[in-house]
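Enquirer: here is a sequence with its predicted model. Questions after.
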Amino acid sequence: MGINWERGNVVKSPVTDQAETEDDNRLPWDAYQTHNTTNYKSAHAFEMEYDHANYTTPSGANGMYWENNNNGFISGIAAGTYTTSGHTTSSLGTTSAQVGNTYWRRYLLAWTLSQAEIFGGGLSGYTAGIGGTISALSFYISNPPGSAYQPQTTEIGLVNLAAGTTGTTNPAANASLVRVFDASVNLSSASGLTAYNFNITNFTYTGGALGITFALSQCPTNYTSDGQSYYMNGGTTFYARTDGAGAYTYNGSTTNTNTNQRPATWLTFV
């Protein structure tokens, strides 16, 4: 995401020394003047430099100052894969409605990640409400189904929801859902505990809660009690499932609920 400023662009810099960052941000012919807003490549750069509580993060890789690169102001979530808060490192049972499970021959799952959960995990160094571009979703699966139960056509839908939306909200059939993935997927080669990664059509996340739907076609060979996923504490998974022929769609309706069983979800930003 980008907003152009008259005299430059401010981005996170690998520089962690304030004095060096100040030098980078000042116009070259103004080096003899200090702490003067007009002498910085943009007034916004100056403001960021002197408001560290809001424009830097506490520690680690994100604990950096801001630097001007003269290319239009850029902000947002940095590229990387991030966890949400509330993850467990335990798998659901073999018959629960979950990503990767084939106890029933096809599923539609729907769940919401609250803003607090999104910014409470790997994004805890960011101010809640900052947006970014999501390019992939990942799920951790143990005991995956064998090749006889693959492939299945998979559709994934995403929808931006208001910041106050909780993990008990059902995003299924939301009119604003965007289909970001639609392909026949064969995950049978995965073994043990594996990240199921779905490279999606880039989705603009606006910084609030995020609704997710995950829809499957009928697996080709009967059913098996395989496929277990890590889950999140709290919240609700909404789902429909059947052994019947056909396929669920990303914007379909759900009929059942599971509490405390939302799929643990990793978000990749670019």
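Expert: Received the coordinates, thanks.

Enquirer: all helices of this structure, in order?
Expert: Taking DSSP state H, the helices of the chain run over residues 18-25, 43-49, 52-55, 115-118.

Enquirer: measure G131 to Q115 for me?
Expert: The gap separating G131 from Q115 is 11 Å, by CB to CB, to the nearest Å. All C-beta spots, glycine's among them, are computed from the backbone N, C-alpha and C.

Enquirer: find residues that contact each of those two.
Expert: By CB atoms under 8 Å, 6 or more residues apart in numbering, G131 and Q115 have these common neighbours: G207.

Enquirer: for burial, what's the neighbour tally of T88?
Expert: By the other CB atoms under 10 Å criterion, the neighbourhood of T88 contains 12 residues.

Enquirer: contact partners for it?
Expert: 230-233, 264.

Enquirer: where in the stretch 1-150 of the chain is pLDDT low?
Expert: For the stretch 1-150 of the chain, the stretches with pLDDT under 70 are 1-75.

Enquirer: I misspoke; the intended subject was the stretch 151-270 of the chain.
Expert: For the stretch 151-270 of the chain, the ranges with pLDDT under 70 are 188-194.

Enquirer: got the domain ranges for the chain?
Expert: Annotated domains of the chain cover 2-74, 80-269 [automatic domain parsing].

Enquirer: setting the sequence-adjacent residues aside, check what's closest to D226.
Expert: In this structure, D226 finds its nearest non-sequential neighbour in P145, 4.4 Å apart by CB to CB, 6 or more residues apart in numbering.

Enquirer: so how far is Q228 from A116?
Expert: 26 Å.

Enquirer: comparing these two, which residue is more hemmed in?
Expert: Q228 (24 against 17).

Enquirer: beta partners of the nearest residue to that one once chain neighbours are set aside?
Expert: The shortest distance from Q228 to any non-neighbouring residue, by CB to CB, 6+ apart, is to S91 (3.8 Å). Assessed by DSSP bridges, S91 has beta-bridge partners Y230.

Enquirer: report how many residues lie close to A247.
Expert: A247, neighbours per other CB under 10 Å, totals 15.

Enquirer: so what's the closest residue in space to it that isn't next to it in sequence up against?
Expert: Nearest residue to A247 in three dimensions, chain neighbours excluded: S217, at 3.5 Å (CB to CB, 6+ apart). Neighbour list for S217: 106, 152-154, 246-248 [criterion: CB under 8 Å, 6+ apart].

Enquirer: hmm, which two among those residues are most spread apart?
Expert: The largest separation in the contacts of S217, counting by CB to CB, is between T154 and G246 at 14.2 Å.

Enquirer: those two: who's more crowded?
Expert: Neighbour totals were compared for T154 and G246, and T154 leads with 21 against 10 (other CB under 10 Å).

Enquirer: quick check: closest non-adjacent residue to the more buried one.
Expert: Here the residue nearest T154, using CB to CB, 6+ apart, is V185, at 4.7 Å.

Enquirer: how near is that neighbour to G121?
Expert: For V185 relative to G121 (CB to CB), the value is 26 Å.

Enquirer: more crowded one of the two?
Expert: Between V185 and G121, counting by other CB under 10 Å, G121 is the more crowded of the two (18 against 15).

Enquirer: follow-up on the earlier one: ok, how many other residues are close to the residue nearest to Q228?
Expert: Close neighbours of S91, defined as other CB under 10 Å, add up to 20.

Enquirer: I'd say the residue nearest to D226 and L216 touch.
Expert: No - using CB atoms under 8 Å, P145 is not in contact with L216, being 11.3 Å away.

Enquirer: residue contacts, T259?
Expert: 235-236.
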